[in-house]
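Visitor: Model the following, please.
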Amino acid sequence: MSDIRPLRSALYLPANRASAVEKARAADCDAVILDLEDAVAPEAKAEAREAAVAAVNQGGFGHRILVVRINALDTEWGAADCAALAGCGPDAVLVPKLCHPEEAAVYRSQIGGGPELWAMLETCTAFTQLPAIASNAAKANLTTFVMGTNDLALEMRATLDTDRAPFLPLLTQAVVAARANGMSVLDGVFNDIADEAGLAQQCRQGAAMGFDGKTLIHPKQLEIANAVFSPSGDDVAKAQAICAAFALPENTGKGVIKVDGRMTEILHLREAERTLALHNAAKRNTT
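Guide: As a prediction, this is how the structure comes out:
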């Protein structure tokens, strides 16, 4: 599991804000999402596209996964976004409002090979089609789902508060679909930048549900998300103990052993190995 990549924190920022893009090169996040869609006014779309291409070509984002969120193909800007990124080479292109399983292949044909596709899950239709979208994802190198809870709340006419009770079934569906198809999955944004307690609560909720990390709208939110989605000290210590116990000569070939008084199976060993791999990768990203 040495190739595991942390996705604890993915920071959105408008691609046409040069100062924000420059700061993102040193931000303590695992992914940077240069936004051409919601964060950019219609009259600034072309400028933002040019700025995103320039930022990708300039590089300097280090370990951070560099993602560009484009406009949908059914808008007046989507085709130009795809064409600009086809010869550019970000790590990933984030597609908004993916609704049907065949759409990922269309975006792939427009963008060409190279960058991964990530997809926003932010419409009611997407969740009616989610098993098919996920099962066809590998064909288009669609690797990651991103929850778009703000747009989803608008379409559902549901209340989006810290607890997110109306959205829990959909959040779970996204995690299940992703895991069944070997994909990553990121939780939606938390809108109240000043509410650190609320952000921490929602991060803990997302982590407990199985999300890899959280999308964020401000650098002030990074520390909390990174902490919650990183293995704790206790998690690391337990994982080390499990791995060490299974490595003992007397436990060779055993499927079940006792570790610190608890029955521990091979599945717990696999989870312990993943915890340590994530811990080590997160440490590399921090240093």
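Visitor: next one: stretch 196-215 to chain centre, how far?
Guide: 12 Å (CA atoms, centre = their mean, to the nearest Å).
Visitor: So which bits of it are buried?
Guide: Of the residues in stretch 196-215, 199-203, 205-207, 211-215 count as buried by neighbour count, 16 or more other CB atoms under 10 Å. Heads up, the C-betas are built off the backbone N, CA and C, glycines and all.
Visitor: which other residues reach that stretch?
Guide: Stretch 196-215 has contacts (CB atoms under 8 Å, 6 or more residues apart in numbering) with 6-12, 30, 33, 146-147, 162-164, 168, 171-172, 175, 179, 184-190, 192, 221, 224-225, 228-229.
Visitor: In TSV, list the buried residues of stretch 196-215 along with distance to A46.
Guide: As requested, the buried residues of stretch 196-215 are arranged in TSV below (distance: CB to CB, whole Å):
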residue	distance to A46
L199	34
A200	39
Q201	40
Q202	35
C203	36
Q205	39
G206	35
A207	39
F211	34
D212	33
G213	31
K214	30
T215	25
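Visitor: For those residues, which two are the farthest from each other?
Guide: In the buried residues of stretch 196-215, two members sit farther apart than any others by CB to CB. They are Q201 and D212, at 18.3 Å.
Visitor: picking that back up, of the buried residues of stretch 196-215, closest to K139?
Guide: Using CB to CB, the buried residues of stretch 196-215 come closest to K139 at D212, 21.8 Å.
Visitor: Show the pLDDT at that closest one.
Guide: pLDDT for D212: 97.
Visitor: same deal with S2?
Guide: For S2, the predicted pLDDT is 50.
Visitor: Report the secondary structure state of the one residue sitting closest to the centre of the chain.
Guide: Nearest to the mean C-alpha position of the chain, counting by CA atoms, centre = their mean, stands L186 at 3.5 Å. Classification of L186 using DSSP: H, G, I helix; E, B strand; the rest coil returns strand.
Visitor: JSON lines for the buried residues of stretch 196-215, including secondary structure and distance to N71?
Guide: Shown next, in JSON lines, are the buried residues of stretch 196-215 (DSSP: H, G, I helix; E, B strand; the rest coil; distance: CB to CB, whole Å):
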{"residue": "L199", "secondary structure": "helix", "distance to N71": "28"}
{"residue": "A200", "secondary structure": "helix", "distance to N71": "33"}
{"residue": "Q201", "secondary structure": "helix", "distance to N71": "32"}
{"residue": "Q202", "secondary structure": "helix", "distance to N71": "27"}
{"residue": "C203", "secondary structure": "helix", "distance to N71": "29"}
{"residue": "Q205", "secondary structure": "helix", "distance to N71": "30"}
{"residue": "G206", "secondary structure": "helix", "distance to N71": "27"}
{"residue": "A207", "secondary structure": "helix", "distance to N71": "31"}
{"residue": "F211", "secondary structure": "coil", "distance to N71": "25"}
{"residue": "D212", "secondary structure": "coil", "distance to N71": "25"}
{"residue": "G213", "secondary structure": "strand", "distance to N71": "24"}
{"residue": "K214", "secondary structure": "strand", "distance to N71": "23"}
{"residue": "T215", "secondary structure": "strand", "distance to N71": "18"}
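Visitor: average model confidence for stretch 190-206?
Guide: Mean predicted confidence for stretch 190-206 is 98.
Visitor: Quick one: distance of it to the chain centre.
Guide: 16 Å.
Visitor: Stretch 83-100 too?
Guide: 15 Å.
Visitor: Tell me the buried residues in it?
Guide: So, applying 16+ other CB under 10 Å, buried residues of stretch 83-100: 84-85, 88, 90-99.
Visitor: Only the C-alpha atoms, please, for that stretch, written as CSV.
Guide: Extracted C-alpha coordinates of stretch 83-100, given in CSV (Å, rounded to 0.1, in the frame of the first residue of the first chain):
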residue,chain,number,x,y,z
ALA,A,83,-10.2,21.8,-25.5
ALA,A,84,-7.9,24.0,-23.4
LEU,A,85,-7.1,21.2,-21.0
ALA,A,86,-6.7,18.5,-23.6
GLY,A,87,-3.1,19.6,-24.3
CYS,A,88,-2.4,21.0,-20.8
GLY,A,89,-2.0,18.1,-18.4
PRO,A,90,-3.5,18.7,-14.9
ASP,A,91,-3.6,15.7,-12.7
ALA,A,92,-7.4,15.5,-13.0
VAL,A,93,-10.4,17.3,-14.5
LEU,A,94,-13.5,17.7,-12.3
VAL,A,95,-16.7,17.4,-14.3
PRO,A,96,-19.8,19.1,-12.8
LYS,A,97,-23.3,17.6,-12.7
LEU,A,98,-22.5,14.2,-14.1
CYS,A,99,-25.9,12.6,-14.4
HIS,A,100,-25.7,9.5,-16.7
